[in-house]
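Visitor: coords below, sequence missing:
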DNA sequence: TATGAATGAGTCTTCATTCAT
DNA sequence: AATGAATGAAGACTCATTCAT
């Protein structure tokens, strides 16, 4: 018996977990990451107690949502790389049509708390690194395809993505400086 | 008596007001617009009561900070336009060196509340319009100078500034779409 | 299990609710309807949070106390009508010995806030109407018994009760005029 | 010179005082004796500072308003006694047409605080005693005139006025008992 | 294991009172 | 003497978190 007696319970628990993350993601986006935990629980169709059983506190929940978000972005990035005929088209698809990317970014920016949670979560970093690796490949391929200016990989894509996905601390005094001088000519 | 009839009261009150806005601006940036009002008051060196006398509630305070921020941006934009020898250099100076711009933007993005406050404040809109007017002039001049590609005015500058200064609602379903296709070639 | 599915939770909650209303009633009478909510909670033996869970704000609490008060008056009026041998004796019992009636009235008069709450609560009005219906019956019966002057029903009883139980607005300019002329001869 | 240099100032001060009392009386009636002092000051057309110069705290203000109210009632009672041809008519005029009386009463009942202030103010008591003295005379005269039942003086007039003007503590357990038994036959 | 009632610390906000001008 | 700005203590209310059922 590979499937023990716990399987149905596990799947119920899993459903709960997913519903909570989905509800939290939606409410974070709409109302910021300060929404009452009880509201999230209600939206997810569970009691607060259940929410707290899965996620010991708000930070844990934000972390889980962040991982989920970045995980989805990673999937989309890979899908684009796999499915589009050229690297260039993959990049265009990602940048112009990825709503997920923007939502993910928004969560990261939306509050000092969520920013800090993401900054400090190693698992999220790993996902971000995987995303960046795929993107780097894409950029290099696109340049090899002759579809992209040579200075873009470290420039614009960074402005649009790296800024968003990397741990750049906007509040710190250190400007990433956006490589702007080169760009506007 | 050199001073006008209300000068003594006004000057103290004015100083307080400025201190409160400065404190609020700093703390909003560092900790988000949810920082305890009492903390802001302490930082400003006044009692909570004084803070509430000037700004009936948090929204009023956020609004005042936003106006102040955008007002400073406007000053900087005008200063750059006036002081730099060419429009092009003015643009570069603004985009590469304006910390104020980034801070202003950050407040706008940092929470649903501040976003909504800015979106609904007519006075802020007027300042934003003035900023955009100066920027439009600069872009047109830079293009006349031959220093800027013709498609930039409506493109990149918009990506960097318009997105930031205009009332684009990131949370809405409608993508500004970022004119990306043209950009990456 | 003898108890129904919600009995355990409900019974504790119900007890809390009753304790809160009792505490509020007592403190409203002694200190007015402005007593700190926290004091009421303490008196009731619960935390403030519990108080607010049952009654979202002070108005809701005043309303609940008013309904409870008038409900008790209704019970007493009915009891008097049922238990006394004659209508006349029922009336005397009510007017001379009903402490509840006076306390109820006092809450209504004690502050503009409680006055307004009672004035606007339809449920309270319904209870008041039931009270008045029983009283009307009693007066008519007493007159039939020959124990009461014919002009009393619309006069003194109204002065004492109707003024108290009906929605007469003392603060308005319109005098109920108290049918005084007839009375003092 | 009987009128010293202070006379104009004194009269200004007196005007201030009167305005404050008038404003306080109006606002106590409308909003209860908890209205913000600053609101009273504004209504009176003076600064808070001035209000506090005249009345060191809220209790002093309530006391002053109470004295003023009862003083006006006394004037009206005397006027009625003087101007009406018979005691009976004076009584009818007072009870049926004295709006002042009701307002005065209402202030006394309206909150535990004002109740206590009136209960403890000797000056107010003296005014109340004068009022009662005039009323007693009127009742006795009316009875001599044969216009009033002999049991009224201690009964109804007490119910209507004494209850209102005397220091009966409604909240105490001791019922004045309203001499009801005799009344309803 | 899921639920939601209870708790109370943390914030917001008001307003009596003081005091510099 | 009049003014109204400043203060901070007090009270309202919310919500994260715990825990009995």
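Guide: Great, that's in hand. All figures in this text were calculated on a predicted structure; none of them were measured in a lab.
Visitor: from here on, contacts and neighbour counts on C-alpha atoms
Guide: OK.
Visitor: now do the contacts for the closest residue to chain C within chain A.
Guide: Residue nearest to chain C within chain A: residue A:38 (13.2 Å; C-alpha to the nearest C-alpha). Counting by C-alpha atoms under 8 Å, 6 or more residues apart in numbering or on different chains, residue A:38 touches A:47-48.
Visitor: okay, which residue is most central for chain A?
Guide: residue A:70 (2.6 Å; C-alpha atoms, centre = their mean).
Visitor: test my guess that that one contacts residue A:127.
Guide: Yes: between residue A:70 and residue A:127 there is a contact under C-alpha atoms under 8 Å: 6.5 Å.
Visitor: lowest average confidence, helix or strand, in chain A?
Guide: helix A:180-183 (a mean of 34; mean pLDDT, DSSP states H and E).
Visitor: is any residue of the helix or strand where the residue nearest to the centre of chain A lies near chain B?
Guide: Here residue A:70, judged by DSSP states H and E, is contained in helix A:58-83. No: applying C-alpha under 8 Å from any C-alpha of the partner chain, one finds helix A:58-83 out of contact with chain B, separated by at least 15.3 Å.
Visitor: next, the angle from the helix or strand just after that helix to helix A:58-83.
Guide: As assigned by DSSP H and E, the chain's next helix or strand after helix A:58-83 is helix A:87-97. Angle of helix A:87-97 versus helix A:58-83, following axes from the mean of the first three to the mean of the last three C-alpha atoms, to 10 degrees, is 140 degrees.
Visitor: need the next SSE after helix A:87-97, C-terminal direction.
Guide: By DSSP H and E, the next helix or strand past helix A:87-97 is helix A:99-110.
Visitor: how far off centre is that following helix?
Guide: Once both centres are worked out by C-alpha atoms, centre = their mean, to the nearest Å, helix A:99-110 turns out to sit 7 Å from its chain's centre.
Visitor: summarise which helices and strands that helix is packed against.
Guide: helix A:7-31, helix A:58-83, helix A:112-119, helix B:99-110 (3 or more C-alpha pairs under 8 Å, 6 or more residues apart in numbering or on different chains; DSSP states H and E).
Visitor: which one of those lies closest to residue D:120?
Guide: helix A:7-31 (54.7 Å; C-alpha to C-alpha).
Visitor: packing partners of that closest one?
Guide: On a contact count with 3+ C-alpha pairs under 8 Å, 6+ apart, helix A:7-31 meets helix A:37-44, helix A:58-83, helix A:99-110.
Visitor: how about 6 Å then?
Guide: Packing contacts for helix A:7-31, counted by 3 or more C-alpha pairs under 6 Å, 6 or more residues apart in numbering or on different chains; DSSP states H and E, involve helix A:37-44.
Visitor: so, in contact with DNA strand E or not, the helix it packs on?
Guide: No: using C-alpha under 7 Å from any atom of the strand, helix A:37-44 never reaches DNA strand E; the gap is at least 7.6 Å.
Visitor: may I see the buried residues of the helix or strand following that helix?
Guide: The first helix or strand that comes after helix A:37-44 along the chain, using DSSP H and E, is helix A:48-54. For helix A:48-54, the neighbour count (16 or more other C-alpha atoms under 10 Å in any protein chain shown) marks A:50-51 as buried.
Visitor: can you check stretch A:128-135 too?
Guide: Across stretch A:128-135, burial judged by 16+ other C-alpha under 10 Å covers A:128, A:130-132, A:135.
Visitor: quick one: low-confidence ranges for chain A?
Guide: A:1-10, A:96-98, A:102, A:109, A:148-185 (pLDDT under 70).
Visitor: and it, what are its domains?
Guide: For chain A, the structural domains run A:1-55, A:58-183, going by automatic domain parsing.
Visitor: would you reformat these as TSV and include distance to residue D:55?
Guide: What follows is the domains of chain A, written out as TSV (distance: least, C-alpha to C-alpha, whole Å):
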stretch	distance to residue D:55
domain A:1-55	47
domain A:58-183	50
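Visitor: pick the most buried one from those domains.
Guide: With neighbours taken as mean count of other C-alpha atoms under 10 Å in any protein chain shown, these reach their highest mean count in domain A:58-183, at a mean of 18.
Visitor: show me what contacts residue A:21?
Guide: The contact partners of residue A:21, by C-alpha atoms under 6 Å, 6 or more residues apart in numbering or on different chains, come to residue A:65.
Visitor: if we go to 8 Å?
Guide: By C-alpha under 8 Å, 6+ apart, the neighbours of residue A:21 are A:61, A:64-65.
Visitor: likewise for residue A:127?
Guide: A:67, A:70-71, A:74.
Visitor: where does chain A get nearest to DNA strand F, which residue?
Guide: For chain A, the residue closest to DNA strand F is residue A:36, as judged by C-alpha to the nearest atom of the strand, at 3.3 Å.
Visitor: helix or strand: which one has the residue nearest to residue A:78 when sequence neighbours are not counted?
Guide: In this structure, residue A:78 finds its nearest non-sequential neighbour in residue A:134, 7.1 Å apart by C-alpha to C-alpha, 6 or more residues apart in numbering or on different chains. For residue A:134, the host element (DSSP H and E) is helix A:122-144.
Visitor: with distance to residue C:15 added, can I get the contacts of residue A:127 in a markdown table?
Guide: Formatted as a markdown table, the contacts of residue A:127 follow (distance: C-alpha to C-alpha, whole Å):
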| residue | distance to residue C:15 |
| --- | --- |
| A:67 | 45 |
| A:70 | 49 |
| A:71 | 49 |
| A:74 | 54 |
